[in-house]
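> A structural model of the following input is requested.
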Amino acid sequence: MFEAYFRIRVEDERKIRAVWKALHPDNMVTPGFMEINEEISENEYIIEIKIKDSSPKHFDSLRGTLDDIVCMFELIEDTIKYLKIR
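The predicted structure follows:
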């Protein structure tokens, strides 16, 4: 079994809500070998990803999922910065 915990902590609660709104729908439906649990508070979003077996192919899926999360967070941060400039 593979497990990954991803914690996003920021000062602005709106940013956490934006990240959650962007990621949560994708986290609702997962392949049979993957389980995603989320926890959100005022300044923290915790994502727990579990892969039920140790297949290298499924490990690649875990890495891809983590990469998607990081990319989405960066996109949201860039968008917020862009909107503040304007």
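> mind checking which helix or strand residue 38 is in?
strand 34-40 (DSSP states H and E).
> low pLDDT regions in the protein?
Filtered on pLDDT under 70, the chain yields the residue ranges 85-86.
> Angles on the backbone of the spatially most central residue of it, please.
Closest residue to the average C-alpha location of the chain: residue 69 at 3.9 Å, with CA atoms, centre = their mean. Dihedral angles phi and psi of residue 69 (degrees, to the nearest 10) take the values phi -60, psi -50.
> Ok, residue 41 next?
phi -130, psi -170.
> Report how many residues lie close to it.
Residue 41 has 10 neighbouring residues, counting by other CB atoms under 10 Å. The C-beta positions use only the backbone N, C-alpha and C, and glycine is treated the same way.
> Distance of it relative to residue 55?
Remark: distance between residue 41 and residue 55 (CB to CB, to the nearest Å) = 33 Å.
> Let me know the angle separating the helix or strand following the strand holding residue 38 from strand 34-40.
Going down the chain from strand 34-40, the next helix or strand is strand 44-51, by DSSP H and E. Angular relation of strand 44-51 and strand 34-40 on a 0 to 180 degree scale: 170 degrees, by axes from the mean of the first three to the mean of the last three CA atoms, to 10 degrees.
> Spell out which helix or strand contains the residue nearest to residue 72 when sequence neighbours are not counted, please.
In this structure, residue 72 finds its nearest non-sequential neighbour in residue 22, 5.3 Å apart by CB to CB, 6 or more residues apart in numbering. Residue 22 belongs to helix 13-28 when assigned by DSSP H and E.
> ok, residue 48 to residue 66 distance?
Counting by CB to CB - residue 48 and residue 66 are separated by 12 Å.
> Can you check which residues contact both of those two?
Here residue 48 and residue 66 have 4, 6 as joint contacts, going by CB atoms under 8 Å, 6 or more residues apart in numbering.
> Look up phi and psi at the spatially closest residue to residue 47 that is not a sequence neighbour.
Nearest non-adjacent residue to residue 47, counting by CB to CB, 6+ apart: residue 6, 4.5 Å away. With angles defined as degrees, to the nearest 10, residue 6 sits at phi -120, psi 120.
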